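Novice: Dropping the sequence and predicted coords here.
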Amino acid sequence: MDLILKTCEPCKGDISPLTRAEAQNYINKTPMWTLSEGSNRIRREFKFVDYISALKFVNHVGNLSEAEGHHPEITFGWGYVNIEIFTHKINGLHENDFILASKINKVYS
C-alpha cells in the first residue's frame, strides 16, 4: 500500500526499530529524504523564497503532525526548513516515520 494512504499508528515502544535494510526499503519510497548514518533517523531540507513561506510550511507540517500524532524535529529560518523524523519511544525508525515523510512531501509539492 502507498505510504501516503496510511495513517500513523501509535507506537507503544514495545517493538524494535527498523533494521538498516528495512529502512532503506522505505527510504526508496520517500524521495529526497536521507537516512542518517546510524539508520535511526531520516532528514530532509526544504527550500523557500523567503521567511514567511518557510513559516507557512512549518505551520502546515505542524498541523499535519498533530493530526497524525507523530511529531518531527523542525528547524527553520529565512528560506529553509529542516525536518528530522524518528520514533522517540524506540529511538529509531518505524513505518510511521516514512508515512509522515511522504505526507510532508505532498504538502511541499
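Specialist: Right, received. Where do you want to start?
Novice: helix/strand/coil for E84?
Specialist: strand (DSSP: H, G, I helix; E, B strand; the rest coil).
Novice: What's opposite it in the beta bridge?
Specialist: For E84, the beta-bridge partners are R43, E73 (DSSP bridges).
Novice: For S36, see how far away it is.
Specialist: Per CB to CB, to the nearest Å, E84 is found 8 Å from S36. C-beta here means a position set from N, CA and C on the backbone, and glycine is covered the same way.
Novice: joint contacts of the two?
Specialist: Residues touching both E84 and S36 by CB atoms under 8 Å, 6 or more residues apart in numbering: 42-43.
Novice: Surely T34 touches N28?
Specialist: No. Counting by CB atoms under 8 Å, T34 stays clear of N28, with 11.7 Å between them.
Novice: pretty sure Q24 is touching T34, no?
Specialist: No. Contact criterion CB under 8 Å: Q24 and T34 do not qualify, at 11.1 Å.
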